[in-house]
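1. coordinates only, sequence not included:
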């Protein structure tokens, strides 16, 4: 992270407050935050990871994690939606830093106003990046046609390019996972099915692919199915886990701030003192703060390690899934405690903590889920299960 990096230069306080002011309405109406995206686009936020020479802000992954934490304090669903665009630009930057231009078109596209969405998740596919139920059919000239269904496609109403993967098994002895990008077309159907408990503004709808075509120059990689050290696969995993952890860390920070405000404003009828003077409240807030304080440094260090190409080797996947798991579980606990500090008022749907309580629950459903994170850690420390 550059010493000259100023988060407020890219996300000014007044912009954050306008986004915060719209968040409750977006959630209640279950709509996409179009005004948020318009203002973020105007502020150059979708180009923060694009190098300056290509028309962007020239920030790094560590800078982006800080900004996403900041944005999530205002509107978690907006941050989660934008996250998916930032993942692809981060992956492109990671590859570029390693001398690979496979996703240079993502950086130039983002500079020109393209919005990139993330089409990896599939119902029932616990292999996630390492396998796919989507068919990738090779076309003459090197392109691919994709047929299948993707779930949790954030930015669904507004994306212009969908980054996705599918399985090319035309050679049964040498199947390949194909990573590519498809534009919006009649072959892509977006279901209007996003009616969820929380994170409603992300509008992460289901996407049907009916032979959606990726041209040859948008086919980024063909790799063998299964765990892979391929730079593109690594880049996706690293950017996704770190930026996702950042969103939920931002939720945790906002809940902590709201709890502190509540503790200072509530007074006890019994003692006449503010709740902030109650030993039980103080201990609860202290526990929240201790849990929160551990998160930003972990994210920052791992993001710098990615930028620097640190040699964590086989431990990378457990480190990255671990920080995502810690961030989402800590955030959930912090929001729970914030509601107890704030009291019964937080139970009303109009209360911001009520919305954060619903939003934070989504953290457990994003890859890597708790089972995957623990499996990766067990393998890193104990070795693989025998016979596998």
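-> Perfect, I can see it now. All values derive from a computational prediction rather than experimental measurement.
2. if I look at residue 48, how far off is residue 178?
-> Between residue 48 and residue 178 the computed distance is 29 Å (CB to CB, to the nearest Å). Bear in mind the C-beta positions are built from the backbone N, C-alpha and C, glycine included.
3. where along the stretch 51-200 of the chain do the helices fall?
-> Under the criterion DSSP state H, counting those that start in this stretch, helices of the stretch 51-200 of the chain are mapped to 61-74, 76-97, 104-111.
4. correction: the stretch 251-388 of the chain
-> Per DSSP H, counting those that start in this stretch, the stretch 251-388 of the chain carries helices over the ranges 279-293, 295-308, 316-342, 352-360, 370-382.
5. so for residue 198, which of these sits nearest?
-> Judged by CB to CB, the one of these that comes nearest to residue 198 is helix 352-360, at 3.2 Å.
6. hang on, the earlier thing: least reliable of the helices of the stretch 251-388 of the chain by average pLDDT, please.
-> For the helices of the stretch 251-388 of the chain, the bottom mean pLDDT is recorded on helix 370-382, which sits at a mean of 93.
7. buried ones in that one?
-> For helix 370-382, burial by neighbour count (16 or more other CB atoms under 10 Å) applies to 372-373, 375-377, 379-380.
8. nearest to residue 334, out of those residues: which one, please.
-> Once CB to CB is applied, the member of these that ends up nearest residue 334 is residue 373, at 18.6 Å.
9. quick one: low-confidence parts of this protein?
-> Along the chain, segments meeting pLDDT under 70 span 1-3, 388.
10. would you mind giving the domain segments of it?
-> Following automatic domain parsing, the chain resolves into domains at 7-115, 117-223, 231-382.
11. next one: the last one to chain centre, how far?
-> Distance, stretch centre to chain centre, for domain 231-382: 14 Å (CA atoms, centre = their mean, to the nearest Å).
12. cool, the first one as well?
-> Average the C-alpha atoms of domain 7-115, do the same for its chain, and the two points are 11 Å apart (CA atoms, centre = their mean).
13. first-to-last residue distance for that domain?
-> Across domain 7-115, the terminal residues are separated by 22 Å (CA to CA, to the nearest Å).
14. leaving out chain neighbours, which residue sits closest to residue 342?
-> Counting by CB to CB, 6 or more residues apart in numbering, residue 342 lies nearest to residue 262, which is 4.0 Å off, once chain neighbours are set aside.
15. if anything else comes up later, I'll come back, but that's it for now.
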